[in-house]
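Student: Sequence first, predicted model second:
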Amino acid sequence: QKEKLEETARIECAALPAYARLELKGMHLDTARWRTAVAANDAEFREKRAALLECFKGTVEQDLFGEPGSDWGSDEQIKASCRKAGYAPRDLRKETLQTERDPRAKVIMEFREARGLKTAHGLEFLRFLHVADGRIHPDFNQIAANSGRSSCAEPNLQGIPRTPRYRSCFAAPAGRKIVT
């Protein structure tokens, strides 16, 4: 009542049977499409990483074989190369980089986006497939936040990228429809 979320709570409670059914019955995932999406994203990641390395050429330490020693796995590594290259973005958040005039900001932003997809939505995602039915059985938490929003975990199906590449992997079996 304090947060004036009574209407939100009513809607969430009405949705409870749908949440429970989805947890119990699971969500179909087209694994072949998922693997194709991951392969395409991996190729984009390599492309964006190469562009980033080219952009900051000479600022990245090399390993014994002449390969970049940094895997660009952390923002601190990116910031260090930026400093060495004489570029000092205020921070590396997407909102900040979008306002930067320096073209390197776009390269960093695109790399970080591809890295995020690779990390969160790679082949490891397939570990959520249940061995008995080959479906994903997420955990939903109704009214999980002060805002009244629900959340989803193991895996977070609410966090699937809003691109056809990933969303098409969640296709209904023949004779069924997904209502969103």
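Tutor: Structure received.
Student: so residue 140, which of the three states?
Tutor: Under DSSP: H, G, I helix; E, B strand; the rest coil, residue 140 falls in the strand class.
Student: quick one: contacts for it?
Tutor: Contacts for residue 140 (CB atoms under 8 Å, 6 or more residues apart in numbering) come out as 19, 22-23, 150-152. Where you see a C-beta, it was placed from the backbone N, CA and C, and this is true even at glycine.
Student: Among these, which one lies nearest to residue 119?
Tutor: residue 152 (18.0 Å; CB to CB).
Student: Only whichever of the contacts of residue 140 are buried, select them in ChimeraX.
Tutor: A single ChimeraX command selects the buried members of the contacts of residue 140 (16 or more other CB atoms under 10 Å):
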select :19,22,150,152
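Student: will you turn the contacts of residue 140 into TSV that also has distance to residue 56, pLDDT and secondary structure?
Tutor: TSV is the format used below for those (distance: CB to CB, whole Å; pLDDT from 0 to 100; DSSP: H, G, I helix; E, B strand; the rest coil):
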residue	distance to residue 56	pLDDT	secondary structure
19	46	88	helix
22	44	89	helix
23	45	93	helix
150	41	80	coil
151	37	86	strand
152	37	89	strand
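Student: Among the contacts of residue 140, which one sits closest to residue 44?
Tutor: residue 152 (25.5 Å).
Student: Surely that closest one and residue 137 touch.
Tutor: No. Using CB atoms under 8 Å, residue 152 is not in contact with residue 137, being 11.1 Å away.
Student: In the protein, where is pLDDT below threshold?
Tutor: Residues of the chain meeting the criterion pLDDT under 70: 1-3, 60-73, 143-145, 148.
Student: For it, just list every one of the strands.
Tutor: Counting by DSSP state E, the segments of the chain that form strands are 139-141, 151-153.
Student: can you tell which of those strands is closest to residue 83?
Tutor: So among the strands of the chain, strand 151-153 is nearest, using CB to CB, at 36.8 Å.
Student: picking that back up, just put the strands of the chain in JSON lines and tack on distance to residue 126.
Tutor: Formatted as JSON lines, those follow (distance: least, CB to CB, whole Å):
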{"stretch": "strand 139-141", "distance to residue 126": "17"}
{"stretch": "strand 151-153", "distance to residue 126": "17"}
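Student: any idea how far residue 40 is from residue 59?
Tutor: 29 Å (CB to CB, to the nearest Å).
Student: Can I get the contacts of residue 140 in JSON lines including distance to residue 175?
Tutor: Shown next, in JSON lines, are these (distance: CB to CB, whole Å):
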{"residue": "19", "distance to residue 175": "23"}
{"residue": "22", "distance to residue 175": "18"}
{"residue": "23", "distance to residue 175": "22"}
{"residue": "150", "distance to residue 175": "28"}
{"residue": "151", "distance to residue 175": "31"}
{"residue": "152", "distance to residue 175": "26"}
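Student: If we only consider the contacts of residue 140, which is nearest to residue 47?
Tutor: residue 152 (30.6 Å).
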